[in-house]
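>>> Return atomic coordinates for the entry below.
(chains A and B)
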Amino acid sequence: MPDAPVPAHIRQARRRKAFYLLATGLFILVQIVWIGLPILMAVMWSLVSGKHSWSYPDMFPPVLGWDPWIYVFKYTNIRRALATS
Amino acid sequence: MKKDRISGLHYLMLVPGVGFILFFIAVTVLVTVARSLGLFSITGHSAFTLKNWAIVATREVRDSVLFSLKMGVLASIGTLLVAFPVALFFRKGGAGKRTLGSLIKIPLFIPALVAAFLIVNLISYHGIVNEVLVGLHILKEPLRMLNDPFGWGVVFIQIWKNLPFVLLILSASLAGVHDDVVDAARNLGAGTWAIAFRIYVPLAMSGILVAMILMFIKAFGDFPIYGVAGPIYPPSISFRMHATATLFQQWDQSAVLGVIIIVTALFVVWAYSRLAQVVGGTE
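Next comes the predicted model:
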């Protein structure tokens, strides 16, 4: 006996579910790029090694290091600024 | 029944509330207005004069006012266009939406100056956005998005920074739309677009207007985002106000610009509230 055809409303519900899943997936991807990328870029910039600059056409810093952090805490008034803020 | 008489004690009891408003808000605004008219001058002789207001007629000030107006309008419309579909997406609960909702609110806790620097990393001439667009052969050469003459960079950062703020207002507004109304519309044959534009938008109009007012005022009076990503000329009106006071030591003229910002913000609030009355049908 051939399978009974799937009723139209169930097909529609399945399509809608698939659409919502796709939309959620796309939204998560956009969110990662929208929020995650700017923050990731800032974190990477704060970890660029002092002796190896990060410039075009490198997609990522060639060498990572704590140099910017060390510089800021050693030579600037960051502690006082932090306390004031 | 004995009618209470209003005594001095009653007025005294109003002091904590009204006194605070009068002292910290009204007085500061009045002093700014008076300073723009030559009174309470902190750098020279105090005497009533209208000559400070002559700067309004200069091309530089006019350009700054127009630039800030443009930023206010574009940022409020842009943020709304991005935030509204997102607010609709978040309206119904679902798997992972709580986590996504928290993620999208991150820019709310990032100061505007830091947000501007974060986005600068992306939209600079050899930033990741340009590199990807050139890599995909969508662009032949990188676009100048940072410090561009029009101010698109500023608009983009405003949208990024203020999306969660507008989203909170819109979400609260959309939460007030009953599912029954949406179901009834769907039952009568309304499609997705018809439901969005003829059910959600009109019923959330009060929230939309509030979000646009607040967004306009934020973007109109913006200082840090312009300072990082704005065009070389014209400066935003807040930036010009700061430069006029500290760089040129023209504190009275700077007060004129301050009054323009306050009056514009008040005018926009008034205009939107009139609009809300018309849209809401109470007029």
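
>>> How far off centre is stretch A:74-85?
29 Å (CA atoms, centre = their mean, to the nearest Å).

>>> now the end-to-end length of it.
End-to-end span of stretch A:74-85 (CA to CA, to the nearest Å): 19 Å.

>>> Identify the residues contacting the closest residue to B:G127 other than its chain neighbours.
Using CB to CB, 6 or more residues apart in numbering or on different chains and skipping residues adjacent in sequence, the residue nearest B:G127 is B:N121, 6.2 Å away. C-beta here means a position set from N, CA and C on the backbone, and glycine is covered the same way. Contact analysis of B:N121 by CB atoms under 8 Å, 6 or more residues apart in numbering or on different chains lists A:38, A:41-42, A:45, B:127-128.

>>> ok, and the most crowded of the residues you listed?
A:P38 (25 neighbours; other CB atoms under 10 Å in any protein chain shown).

>>> Up against chain A, what does the stretch 151-283 of chain B have?
Counting by CB under 8 Å from any CB of the partner chain, the residues of the stretch 151-283 of chain B lying close to chain A are B:W160.

>>> for the record, mean pLDDT for the longest helix seen in chain B?
Taking DSSP state H as the criterion, chain B has its longest helix at helix B:59-91. Mean per-residue pLDDT for helix B:59-91: 93.

>>> for that helix, packing partners?
helix A:8-31, helix B:97-104, helix B:152-175, helix B:205-220, helix B:237-242, helix B:251-280 (3 or more CB pairs under 8 Å, 6 or more residues apart in numbering or on different chains; DSSP states H and E).

>>> Also compute the angle for that helix relative to helix A:8-31, please.
140 degrees (axes from the mean of the first three to the mean of the last three CA atoms, to 10 degrees).

>>> about what we covered before: and the contacts of B:N121, which is closest to B:G191?
A:P38 (36.1 Å; CB to CB).

>>> Burial check on B:V256, number of neighbours?
22.

>>> buried set for stretch B:206-214?
Neighbour counts over stretch B:206-214 (16 or more other CB atoms under 10 Å in any protein chain shown) mark B:207-214 as buried.

>>> Which one of the residues you listed is nearest to chain A?
Nearest to chain A out of the buried residues of stretch B:206-214 is B:A211 (CB to the nearest CB; 18.8 Å).

>>> From B:V181, how far off is the closest one?
21 Å (CB to CB, to the nearest Å).

>>> so how far is chain A from B:K51?
Using CB to the nearest CB, to the nearest Å, B:K51 is found at 39 Å from chain A.

>>> How about that residue: what's its closest non-neighbour residue?
B:G38 (7.5 Å).

>>> Let me have the buried residues of stretch B:206-214 in CSV, extended by pLDDT.
Formatted as CSV, the buried residues of stretch B:206-214 follow (pLDDT from 0 to 100):
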residue, pLDDT
B:G207, 90
B:I208, 92
B:L209, 91
B:V210, 90
B:A211, 93
B:M212, 92
B:I213, 91
B:L214, 92
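
>>> returning to what we had before: which of the helices and strands packed on helix B:59-91 sits closest to B:W53?
Closest among these, using CB to CB: helix B:251-280, at 5.7 Å.

>>> list the helices and strands the closest one packs on?
helix B:27-36, helix B:59-91, helix B:205-220, helix B:237-242.

>>> Flag every buried residue along that helix.
B:251-261, B:264-265, B:268, B:272, B:276.

>>> Okay, angle between it and helix B:59-91 too, please.
Using the same axes, to 10 degrees, helix B:251-280 lies at 40 degrees relative to helix B:59-91.

>>> A:P57: neighbouring residues, count only.
For A:P57, using other CB under 10 Å, the count is 7.

>>> repeat for B:G135
Neighbours of B:G135 (other CB under 10 Å): 12.

>>> Over to B:S238?
By other CB under 10 Å, neighbour count at B:S238 equals 20.

>>> what do you get for A:I35?
20.

>>> Hmm, it is touching B:L103, no?
Yes: contact criterion CB atoms under 8 Å: A:I35 and B:L103 qualify, at 5.8 Å.

>>> need the contact list for the residue nearest the centre of chain A.
The centroid of chain A falls nearest to A:G36 when counting by CA atoms, centre = their mean (2.3 Å). Shown in contact with A:G36 (CB under 8 Å, 6+ apart): no residues.

>>> ok, now the one 3 residues further on?
For A:I39, the contacting residues are B:106, B:118, by CB under 8 Å, 6+ apart.

>>> ok but it is inside a strand, no?
No: read with DSSP: H, G, I helix; E, B strand; the rest coil, A:I39 is helix and lies in no strand.

>>> for residue 6, phi and psi?
You didn't say which chain, so I picked chain A. When read as degrees, to the nearest 10, the backbone of A:V6 gives phi -70, psi 130.

>>> quick one: it from A:F19, how far?
17 Å.

>>> Equivalent analysis for B:L9, please.
66 Å.
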